[in-house]
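Enquirer: predicted model, plus sequence, below.
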Amino acid sequence: MKMVELGKTGEQVSQVSLGCMLMGSTIDAATSYAMLDCFVEDGGTFLDTANCYAWWVGNGEFIGDESETLLGEWMQARGSRDRLFLATKTGARLKDPAHIRNAQGDIPWEKVPGEYQGLAKDTIKRSVEDSLRRLRTDHIDLYYAHIDDRNTALEETLDALNDLVQEGKVRYIGCSNYRTWRMERARAISAAHGWVHYVAAQQEYSYLRPKPGVDFGVGAHVDGEMLDYFRANDEIALVAYSPLLKGIYDDAEKRARYYNWSLYDSDDSRVRLDVLSKMAGELGVSNSQLVLAWLLHHQPQVIPIFGMSGMAQYEHNMGALNITLSDAQMAELNAASA
Ligand SMILES: NC(=O)c1ccc[n+]([C@@H]2O[C@H](COP(=O)([O-])OP(=O)(O)OC[C@H]3O[C@@H](n4cnc5c(N)ncnc54)[C@H](OP(=O)(O)O)[C@@H]3O)[C@@H](O)[C@H]2O)c1
């Protein structure tokens, strides 16, 4: 696997990050270990988790410790910590994950944003210790603010994160689900105080484009404005989550069932799917593989986070690394629009 620089840090990370969100909950330990082992054998270094993965899975048996705990156990079993670039996140853990569900065991999603722990200084200082313990390590390579917390001053969050870097608990900091202007404001605050700055932004990004003006709630989707920002600010790396929109690209039924499909159900998506499918057919690859290859050829540079539910998907999606797209093919994919 190719290595790429993370922003302008000088740090080399694998061109693909492995999404570990569902490891330890939906994905059992044996399958998780198999994927992690293969990823390392394939030259992967960059792992992505969070201190809340994945509390929403199941019927209340998970609280958000599961992914970090599994990774800690796997790294210890393999002695692999030093070969990895380990990213985790703070801020989107629930205050009381054991009591969020209603009497029927369902999650009242409209209440969830109000239940996030957020990014106050005390919360960050406590949660980093918990993550370090679960991950069985003394440092985190990249520590993201998981969601933008508009109730806490950015100064407070950035000051706390800067402290963690000075203390050696964290090597680099990043943000996730920040709008463009918030990334810029954070950059300006860090620069004014001489603090470390966000070197990566993890945002939702895929080949299909959401309809203009749709609401992603606490999420932030990459748009034209944000791409322009990344082009002009290469000290912050774009890390793309949910690159396959939960696996909808090769399966019309799955697309129709996708909980966010209404945000994408447009003529623009139909044109892009047509162009994608036609080119995938010519290349003899799947639509999913072509989406991942498109991200890997993208300018400004994107580091996609691959999420897979098992080894068959792992093998299939990693096939995207063998696809070479010409400038003309990239231009054709980029130009597709309605
Ligand atoms: N910062 C954030 O707020 C945030 C949010 C979400 C995720 N993330 C990170 O990003 C990672 C990836 O996110 P994601 O899981 O949402 O990614 P995704 O690419 O949107 O979806 C991955 C899912 O798609 C399905 N899939 C994968 N390959 C497929 C294929 N070849 N054909 C058909 N279906 C396929 C699998 O689900 P099934 O097999 O169950 O269908 C898999 O679990 C996570 O692990 C996490 O680390 C971050």
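Expert: Arrived safely.
Enquirer: could you tell me which residues of the stretch 101-250 of the chain lie near the ligand?
Expert: 176-177, 202, 241-247, 250 (C-beta under 6 Å from any ligand atom). For the C-beta atoms, the positions are set from N, CA and C on the backbone; glycine is no exception.
Enquirer: most surrounded residue in those?
Expert: When neighbours are counted by other C-beta atoms under 10 Å, residue 202 leads those with 27 neighbours.
Enquirer: can you give me the strands in the stretch 151-300 of the chain?
Expert: For the stretch 151-300 of the chain, applying DSSP state E, counting those that start in this stretch gives strands covering 170-176, 198-204, 237-241.
Enquirer: contact partners for residue 24?
Expert: By C-beta atoms under 8 Å, 6 or more residues apart in numbering, the contact list for residue 24 reads 32, 53-54, 66-67, 69-70.
Enquirer: residue contacts, whatever residue of the stretch 101-250 of the chain ends up closest to the ligand?
Expert: Distances between the stretch 101-250 of the chain and the ligand by C-beta to the nearest ligand atom are smallest at residue 247, namely 2.4 Å. Applying C-beta under 8 Å, 6+ apart to residue 247 gives the contacts 254, 288, 313.
Enquirer: for residue 80, same thing?
Expert: If you count contacts by C-beta under 8 Å, 6+ apart, residue 80 has them with 40, 74.
Enquirer: just the pLDDT for it.
Expert: What the model reports for residue 80 is a pLDDT of 96.
Enquirer: how much space separates it from residue 71?
Expert: As judged by C-beta to C-beta, to the nearest Å, residue 80 and residue 71 stand 10 Å apart.
Enquirer: before we move on, back to that, reformat the strands of the stretch 151-300 of the chain into CSV and put distance to residue 144 next to each item.
Expert: Below are these laid out as CSV (distance: least, C-beta to C-beta, whole Å):
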stretch, distance to residue 144
strand 170-176, 4
strand 198-204, 6
strand 237-241, 9
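Enquirer: need those in TSV (columns: mean pLDDT).
Expert: Formatted as TSV, those follow (pLDDT from 0 to 100):
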stretch	mean pLDDT
strand 170-176	98
strand 198-204	98
strand 237-241	98
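Enquirer: nearest to residue 293, of the ones you listed?
Expert: strand 237-241 (13.1 Å; C-beta to C-beta).
Enquirer: and the angle for the closest one with strand 198-204?
Expert: Orientation of strand 237-241 against strand 198-204 (axes from the mean of the first three to the mean of the last three C-alpha atoms, to 10 degrees) gives an angle of 30 degrees.
Enquirer: adjacent strands (with direction) for strand 237-241?
Expert: Neighbouring strands of strand 237-241 in its sheet, by DSSP bridges, are strand 198-204 (parallel), strand 302-306 (parallel).
Enquirer: mind putting those strands into CSV with distance to residue 212?
Expert: As requested, these are exported to CSV (distance: least, C-beta to C-beta, whole Å):
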stretch, distance to residue 212
strand 198-204, 16
strand 302-306, 21
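Enquirer: close to the ligand, is stretch 290-298?
Expert: No: using C-beta under 6 Å from any ligand atom, we find that stretch 290-298 stays clear of the ligand, coming within 8.5 Å at best.
Enquirer: other residues contacting that stretch?
Expert: Contact partners of stretch 290-298, identified using C-beta under 8 Å, 6+ apart, comprise 15-16, 205-207, 240, 243-244, 249, 276, 279-280, 283, 285, 302, 304, 306, 317, 320-321, 323, 325, 330, 333.
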